[in-house]
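Asker: Coordinates for the following, if possible.
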Amino acid sequence: MPRPRKCRRIEKTPRVDFYKPRGIPLRELEEARLSVEGLEALRLADLEGLTMEQAAAVMEVSRHTFGRVLAQARTTVARALTTGQALRIEGGHWAVKPQCRKSPGQAPRSQETTMTKIAVTSEGLTLDSLIDPRFGRAAGFMVVDPATWEFQYVDNGASQAMSQGAGINAAEAIARAGASALLTGYVGPKAFAALKAAGIAVIQDMGDMTVRQAVEAFAAGRTTTATAPNR
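Answerer: The predicted model follows:
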């Protein structure tokens with residue numbers, strides 16, 4: 001069982017969370033995903049000019065962890081700029097620092113925000129099960145909290161038995177389970193529309209890996225959020 005990750009502290013949430021190349025329709029673009037703590041690492045190291053030790057102290061993490069977050073963020077931004085991807089800033093494992101107390105007796109305000117649950121199509125009942133490449137007719141879903149690695153299995157037998165509307169039914173099932181992102185292989189147009197309407201980010205074309213490996217890739221920002229269903 002991996003150790004729970006320590007929450008990374010940021011000073012404020014991003015003012016803008018999406019960028020795209022000018023003149024190219026969004027539907028024709030791939031997306032790169034930069035975690036919120038990755039953006040904070042870029043700000044501290046490359047804008048504020050803090051040393052690794054100083055920036056790590058600000059984010060309340062070790063120097064090693066800060067270096068890893070910063071390296072991943074730089075790679076993500078470089079890939080987006082050099083390959084013409086849209087850049088979405090979301091996810092990660094972070095919390096806004098509590099604000100300073102304003103006056104005696106006034107409690108400090110805090111805003112805790114962490115990565116929410118991730119649904120992964122799964123062929124089995126454990127984190128080491130293989131990803132099911134199907135979505136609507138997947139055997140089931142592992143709904144994982146990447147901060148604690150707690151998970152629940154959502155059976156998808158009801159959708160498999162449907163002659164039509166399996167994808168929409170499956171989308172409703174993972175929405176009820178509280179997932180904000182889906183990792184899977186193939187998503188058709190109707191299911192994709194249902195997932196987007198539910199506010200669930202879709203990461204597709206994932207396969208030949210376990211549920212655990214998929215969640216780790218997502219948490220590290222090595223996945224791309226889809227802007228259109230599979231063709």
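
Asker: mind listing what's buried in the biggest helix by length in the chain?
Answerer: Determined from DSSP state H, the single longest helix within the chain is helix 63-83. Within helix 63-83, the residues that count as buried by 16 or more other CB atoms under 10 Å are 65-67, 69-70, 72-74, 76-77, 80. For the C-beta atoms, the positions are set from N, CA and C on the backbone; glycine is no exception.

Asker: Repeat that for stretch 170-184.
Answerer: For stretch 170-184, the neighbour count (16+ other CB under 10 Å) marks 170-171, 173-175, 179-184 as buried.

Asker: Over to stretch 148-164?
Answerer: For stretch 148-164, a neighbour-count test (16+ other CB under 10 Å) marks 151, 153-154, 156, 159-160 as buried.

Asker: Of the residues you listed, just say which sits nearest to residue 121.
Answerer: Nearest to residue 121, judged by CB to CB, of the buried residues of stretch 148-164 is residue 156 at 8.2 Å.

Asker: what about the closest residue to that closest one other than its chain neighbours, neighbour count?
Answerer: Leaving aside its chain neighbours, residue 156 sits nearest to residue 140 (4.8 Å; criterion: CB to CB, 6 or more residues apart in numbering). Neighbours of residue 140 under the rule other CB atoms under 10 Å: 23.

Asker: my guess is residue 140 meets residue 159, correct?
Answerer: No - contact criterion CB atoms under 8 Å: residue 140 and residue 159 do not qualify, at 9.6 Å.

Asker: for the most centrally placed residue in the chain, what are its contacts?
Answerer: Per CA atoms, centre = their mean, the C-alpha nearest to the average position across the chain is that of residue 91, at 4.4 Å. Shown in contact with residue 91 (CB atoms under 8 Å, 6 or more residues apart in numbering): 33, 35-36, 115, 181, 218-219, 221.

Asker: How much space separates it from residue 22?
Answerer: 25 Å (CB to CB, to the nearest Å).

Asker: Then residue 191?
Answerer: The gap separating residue 191 from residue 22 is 31 Å, by CB to CB.

Asker: ok, the closest residue to residue 166 other than its chain neighbours - how many residues close by?
Answerer: In space, and not counting its chain neighbours, residue 166 is closest to residue 136: 3.7 Å by CB to CB, 6+ apart. Burial measure for residue 136: 24 neighbouring residues, criterion other CB under 10 Å.

Asker: Can you classify residue 136 by secondary structure?
Answerer: Using DSSP: H, G, I helix; E, B strand; the rest coil, the structure places residue 136 in coil.

Asker: list the contacts for it?
Answerer: 159, 166-170, 188, 191.

Asker: at 6 Å instead, please
Answerer: 159, 166-167, 170, 191 (CB atoms under 6 Å, 6 or more residues apart in numbering).

Asker: Inside strands: which ones of the residues you listed?
Answerer: With strands taken from DSSP state E, there is no overlap with the contacts of residue 136.

Asker: now these in CSV, with distance to residue 212 and pLDDT?
Answerer: Below are the contacts of residue 136 laid out as CSV (distance: CB to CB, whole Å; pLDDT from 0 to 100):
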residue, distance to residue 212, pLDDT
159, 24, 83
166, 26, 89
167, 25, 89
170, 21, 91
191, 24, 90
